[in-house]
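>>> My questions concern the predicted model and sequence given below.
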Amino acid sequence: MVRVNNQRHPEAVPTVNTDWWNYGGLTRDVRLLEAPVTHIRHYSLQLQRGSDHRVSGYVQLDGPTPAPSVQVAIPALHLAVEAAPDSSGRAVFDFMLTGAELWSPEHPRLYQVVLTAGTDHLTEKIGFRTIETRGAHILLNGQSVFLRGISLHEENPLRGGRATTSADARLLLGWAKELGCNYVRLAHYPHNEYMAEIADELGLLLWEEVPVYWTIHWDNPATYANAAHQLTELITRDRNRASVIIWSMANETPISPVRTDFLKKLVALTRTLDPTRLISAAIERHSPAEDPSTSIVEDPLAEVTDLVSFNEYIGWYVGVPDDCAKAKWIINYNKPVIISEFGGDALQGLHGDRLTRFTEEFQADLYRKTLPMLEKIPQLRGMTPWILCDFRSPRRALPHIQDGWNRKGLIGENGTRKLAFSVLQEFYARKAAEAH
C-alpha cells in the first residue's frame with residue numbers, strides 16, 4: 001500500500017509558507033522491484049575532481065552474503081575492472097578512463113556502464129566530465145563556461161499539474177533548449193528523476209536544490225534531520241548524472257547565526273557525500289538606506305560555498321526598470337557570480353506600454369534593462385531568470401491577472417511565448433556566439 005499526505009507543518013521542510021502549489025496525490029512513479037537477496041543498493045562512479053581521466057567511486061551491496069567480487073564494465077571503451085567488497089558490502093574502484101569523450105552541452109556523450117555483483121546486474125548511461133571553479137571562473141572540462149539558464153518548477157502548465165513523466169521533462173527542457181539555454185535551475189525542491197536523466201541526453205547543466213526555503217525552524221534538530229535526509233536522498237539519486245553540477249542548500253533565507261550554522265552543516269554534509277560538484281545557495285541582496293541604487297551582496301554562507309548566487313528583482317519589487325541603469329554592485333568575493341532569480345510578472349496576451357505593469361511590454365522592457373545591468377558585474381558567470389513557465393501559487397490572487405498563477409513565466413499557461421522570451425533568447429544567442 002502507498003499512503004500520501006500533502007499536509008504541511010511548521011517544523012517541516014518546506015514549512016507552511018511557500019510560493020508554489022502544494023500538489024497532493026502520487027507525484028512520482030511507484031515501482032515494485034524483484035532483486036536477488038544480495039543486490040546492488042547504490043553506487044557512485046565519476047571523474048575525480050580536477051582529473052579528466054581517473055574515475056573513482058564505489059558500488060554498495062545489500063544482503064546477508066556479499067558477492068565475491070563486483071565488476072564495472074564500459075563496453076564502448078573495452079574497459080572492465082573488478083573489486084572485492086569489504087565486510088560492509090562496499091567495493092571501492094579507482095581506474096583510468098582512457099579514450100573517453102568528455103560530456104558537455106555541445107557533445108553530451110553517454111556511455112553504457114554495466115555493474116555486476118553475483119546474479120545482480122545494473123545497466124546505466126553515464127557521462128563523464130569535470131566541474132570546478134578557479135577565481136571567478138566556472139570550468140567545465142577545464143574550459144570557462146557561461147551558464148545561460150532559466151529556472152523552472154516541476155509543473156506542466158498546459159494541464160496545470162505536476163510534471164511527472166519523461167514526456168513532461170522533454171517538454172520543459174525542450175523549451176529551455178529553444179530559449180538558448182545550456183543550464184537550468186530546478187527549483188525549489190527535488191524534481192523527479194526524469195529531469196536529470198533527460199538533461200543528460202539533451203546536454204543541459206543542472207542546479208538541484210532542497211526546499212530549505214525562506215524561514216524554517218533553524219534551531220529544531222528534527223527540522224535539520226529532515227533537510228539533511230532530503231539532501232542525502234537527492235545526492236544519492238543523481239550523483240552519477242553528468243548534467244548535475246550544482247547542489248543548492250537553500251533559497252532566500254534571512255541571515256541569522258542559527259540559520260548560518262544550519263546551512264553550513266548542510267554544506268559540510270554535501271562535501272562528504274559528493275566532493276566533485278559545486279555548492280551554492282540562492283541568497284539575497286540589500287541596499288543601504290542612504291543609497292538605494294547600490295546593491296550589496298554579503299552573506300557569511302558565501303564564505304563556504306563555491307558560487308555566490310543571489311536573487312534580485314530591481315525593476316519589479318524594487319523600483320522600476322529604468323532604475324537598472326543607475327544600479328551599482330558591491331560583491332567582494334573572488335568567486336563566480338550566478339543570478340539565481342530576476343524577472344517580473346506579465347499576463348500572456350495583455351498588452352500596453354512599457355510602463356504598464358503586468359503587460360508583456362513591461363516584462364520585455366524589464367529584461368532589456370536588466371541584462372546589461374547584470375553584465376556590469378565582473379564576476380558574472382551565469383543566470384537563471386525567474387521563470388520558464390507560469391505556475392500555480394495560492395499566494396498570487398490578483399483578480400483577472402494572476403488568478404492563482406505566478407505570471408513571471410516567459411511562457412504562459414497555454415504554452416504561448418511572451419515578448420520577453422525572444423529578448424532573453426537573443427541575449428543568449430549573443431552569449432553563445434561570444435563563447436565560440
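Ah, there it is.
>>> Thr294 touches Lys326, doesn't it?
No - if you go by CB atoms under 8 Å, Thr294 and Lys326 don't touch, sitting 9.4 Å apart. Any C-beta I mention is one placed from the backbone N, CA and C, and that applies to glycine too.
>>> Which one's more surrounded, these two?
The neighbour comparison of Thr294 against Lys326 (other CB atoms under 10 Å) goes to Thr294, with 15 against 12.
>>> which residues does the closest residue to the more buried one other than its chain neighbours contact?
Distance criterion CB to CB, 6 or more residues apart in numbering; nearest residue to Thr294, sequence neighbours excluded, is Lys328 at 4.7 Å. By CB atoms under 8 Å, 6 or more residues apart in numbering, the contact list for Lys328 reads Ser293, Thr294, Ser295.
>>> On the pLDDT front, check the nearest residue to the first one once chain neighbours are set aside for me.
To tie it back to what came earlier, the one meant is Ser293. Leaving aside its sequence neighbours, Ser293 sits nearest to Lys326 (CB to CB, 6+ apart; 4.6 Å). pLDDT recorded at Lys326 is 95.
>>> and the gap between Lys326 and Val92?
Using CB to CB, to the nearest Å, Lys326 is found at 56 Å from Val92.
>>> one step back: now tabulate the contacts of Lys328 in TSV and tack on secondary structure and distance to Pro14.
Below are the contacts of Lys328 laid out as TSV (DSSP: H, G, I helix; E, B strand; the rest coil; distance: CB to CB, whole Å):
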residue	secondary structure	distance to Pro14
Ser293	coil	33
Thr294	strand	32
Ser295	strand	27
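>>> Which of the residues you listed sits closest to Leu171?
Nearest to Leu171, judged by CB to CB, of the contacts of Lys328 is Ser295 at 35.1 Å.
>>> At which residues are the strands of the stretch 51-200 of the chain located?
Along the stretch 51-200 of the chain, the stretches classed as strands by DSSP state E, counting those that start in this stretch are 54-62, 70-74, 79-83, 90-96, 111-117, 120-126, 131-134, 137-140, 143-144, 147-152, 155-156, 161-162, 183-186.
>>> What pairs with the third one, parallel or antiparallel?
Yep, that's strand 79-83 we're talking about. Sheet pairing of strand 79-83 (DSSP bridges) gives strand 70-74 (antiparallel).
>>> Also the fourth one?
Paired with strand 90-96 in the same sheet, following DSSP bridges, are strand 54-62 (antiparallel).
>>> tell me which residues in the strand it pairs with are buried?
Across strand 54-62, burial judged by 16 or more other CB atoms under 10 Å covers Val55, Ser56, Gly57, Tyr58, Val59, Gln60, Leu61, Asp62.
>>> What sits closest to Ile411 if chain neighbours are left out?
That would be Cys389: by CB to CB, 6+ apart, it lies 4.6 Å from Ile411.
>>> residues contacting the one you found?
Contacts for Cys389 were tallied using CB under 8 Å, 6+ apart; they are Leu152, His153, Glu155, Pro157, Leu172, Trp175, Gly409, Leu410, Ile411, Gly412, Glu413.
>>> In a markdown table: these, plus distance to Asp238 and neighbour count.
Formatted as a markdown table, the contacts of Cys389 follow (distance: CB to CB, whole Å; neighbours: other CB atoms under 10 Å):
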| residue | distance to Asp238 | neighbour count |
| --- | --- | --- |
| Leu152 | 16 | 26 |
| His153 | 18 | 27 |
| Glu155 | 20 | 25 |
| Pro157 | 24 | 23 |
| Leu172 | 17 | 25 |
| Trp175 | 21 | 20 |
| Gly409 | 25 | 28 |
| Leu410 | 26 | 28 |
| Ile411 | 25 | 24 |
| Gly412 | 30 | 21 |
| Glu413 | 29 | 20 |
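>>> pLDDT weak spots in the stretch 151-300 of the chain?
For the stretch 151-300 of the chain, no stretch has pLDDT under 70.
>>> could you pull out the helices for the stretch 201-350 of the chain?
221-238, 257-273 (DSSP state H, counting those that start in this stretch).
>>> Can you name the residues in contact with the longest one?
Here helix 221-238 makes contact (CB under 8 Å, 6+ apart) with 11-13, 42, 190, 193, 196, 208, 210-212, 216-217, 244, 247, 249, 262, 265-266, 269-270, 273-274.
>>> By neighbour count, which bits of that helix are buried? Give me those.
Buried residues in helix 221-238, counted by 16+ other CB under 10 Å: Thr223, Tyr224, Asn226, Ala227, Ala228, Gln230, Leu231, Leu234, Ile235, Thr236, Asp238.
>>> Same question for the last one.
Residues of helix 257-273 classed as buried: Arg259, Thr260, Phe262, Leu263, Lys264, Leu266, Val267, Leu269, Thr270, Leu273 (neighbour count, 16+ other CB under 10 Å).
>>> is it true that the third one touches Trp218?
Yes - counting by CB under 8 Å, Trp218 is a contact partner of Phe262 at 4.8 Å.
>>> if I look at Glu197, how far off is Gly149?
Glu197 is 19 Å from Gly149, by CB to CB.
>>> which of these two has more neighbours?
With neighbours defined as other CB under 10 Å, Glu197 and Gly149 compare such that Gly149 has more, 26 against 16.
>>> who touches that one in this structure?
Cys181, Asn182, Tyr183, Val184, Arg185, Leu205, Trp207, Gly382, Met383, Thr384, Pro385.
>>> what do you get for Trp21?
Trp21 makes contacts with Glu155, Phe391, Arg392, Ser393, Pro394, as judged by CB under 8 Å, 6+ apart.
>>> among those residues, which are in strands?
Counted as lying in strands by DSSP state E, out of those, are Glu155, Phe391, Arg392.
>>> need the residues you listed in a markdown table with distance to Phe427, can you?
Converted to a markdown table, the ones in strands among the contacts of Trp21 look like this (distance: CB to CB, whole Å):
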| residue | distance to Phe427 |
| --- | --- |
| Glu155 | 25 |
| Phe391 | 23 |
| Arg392 | 28 |
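>>> wait, which of those residues is closest to Asp19?
Nearest member of the ones in strands among the contacts of Trp21 to Asp19, counting by CB to CB, is Phe391, at 9.3 Å.
>>> Return the per-residue confidence for that closest one.
Phe391 is assigned a predicted lDDT (pLDDT) of 96.
>>> try Lys408
pLDDT recorded at Lys408 is 98.
>>> That one reaches Gly343, doesn't it?
Yes - Lys408 is within contact range of Gly343, at 4.6 Å (criterion: CB under 8 Å).
>>> any shared contact partners between these two?
Joint contacts of Lys408 and Gly343 (CB under 8 Å, 6+ apart) are Trp386, Ile387.
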